[in-house]
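**Student:** got a predicted structure here, sequence first:
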Amino acid sequence: MITLYGDASRTRANRCTFMLKEIGIDYVHKPIAFHPGQDKPADFLALNPNGKCPTLVDGDLVLFESLAINLYLARTYGGPLGPQTPHEEALMQQWSFWVATEVEKPLLLTAAVRYLFDPQVPCDEETDITLAKLRRPWSVLDTHLRTREYILGDRFTAADINVAAVMHFILVAGIDIFPWPSMKRWLEACLARPAAIDTRSASFRVPRPRTSRDIFAMFI
């Protein structure tokens, strides 16, 4: 039995629950999360010395890093969600690394500025800076999707899950992505899937954080 550690409302475990729900296999979910500086339980550190969630246990295998967990799940249990050829596997890895390096940080900063911080504090300048960093990678993805329904072609795969799971913060930040119509069409289709809706509903159950400590905890 697979066990997933991590609160889907406060950690990147929501990306892994998206994948697990798409696959449709049984798993045990332990919804834990830690505040910055909080001591981690010894039994959890023995399992994962990195001390972060999500952490996945499948038999003797222990994995951390949400996008790596998803690639493993897709390849091992995902059927058509997973790679069917080495070529597809390489592309799934490429787009997973791409979204983590090119999109995640500026998108999280934009979400923090526009949604999480005190709404009475002016943030137009900060938002302009963070959005400027997103225009180029979003144009890359938009161009890629002009000639295909999903990232690898006409089939929804782990590549779509990993990229869309990061990009769901567009909803949190309230960003208008009209200038990227192909990306907008694709993201709406991904986030309309039942597994994504279930995962997002869990992600948004928590109240808006009020302190910098609470804000920081959402992104570690």
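**Tutor:** Good, I have the coordinates.
**Student:** first-to-last residue distance for stretch 9-27?
**Tutor:** Terminal residues of stretch 9-27 are spaced 18 Å apart (CA to CA, to the nearest Å).
**Student:** how about the strands of this structure, start to end?
**Tutor:** Along the chain, counting by DSSP state E, strands occupy 2-5, 27-30, 55-58, 61-64.
**Student:** so what's the gap between the third one and the chain middle?
**Tutor:** On the basis of CA atoms, centre = their mean, to the nearest Å, strand 55-58 sits 17 Å off its chain's mean C-alpha point.
**Student:** sheet partners, orientation included, of that strand?
**Tutor:** Strand 55-58 pairs in its sheet with strand 2-5 (antiparallel), strand 61-64 (antiparallel), by DSSP bridges.
**Student:** how many neighbours does Arg114 have?
**Tutor:** With neighbours defined by other CB atoms under 10 Å, the count for Arg114 comes to 20. The way it works is simple: take the backbone N, C-alpha and C, and place the C-beta from them, glycine included.
**Student:** go on, His35?
**Tutor:** The local packing count at His35 equals 11, with neighbours defined by other CB under 10 Å.
**Student:** backbone phi and psi for it, please?
**Tutor:** As for His35, its main-chain torsions (degrees, to the nearest 10) stand at phi -80, psi 160.
**Student:** do the same with Cys53
**Tutor:** Backbone geometry at Cys53, expressed as degrees, to the nearest 10, gives phi -110, psi 150.
**Student:** ok, now which ones touch the closest residue to it other than its chain neighbours?
**Tutor:** Leaving out its chain neighbours, the residue that sits closest to Cys53 by CB to CB, 6 or more residues apart in numbering is Gly6, at 3.2 Å. For Gly6, the contacting residues are 12-13, 16, 30-33, 53-55, taking CB atoms under 8 Å, 6 or more residues apart in numbering as the criterion.
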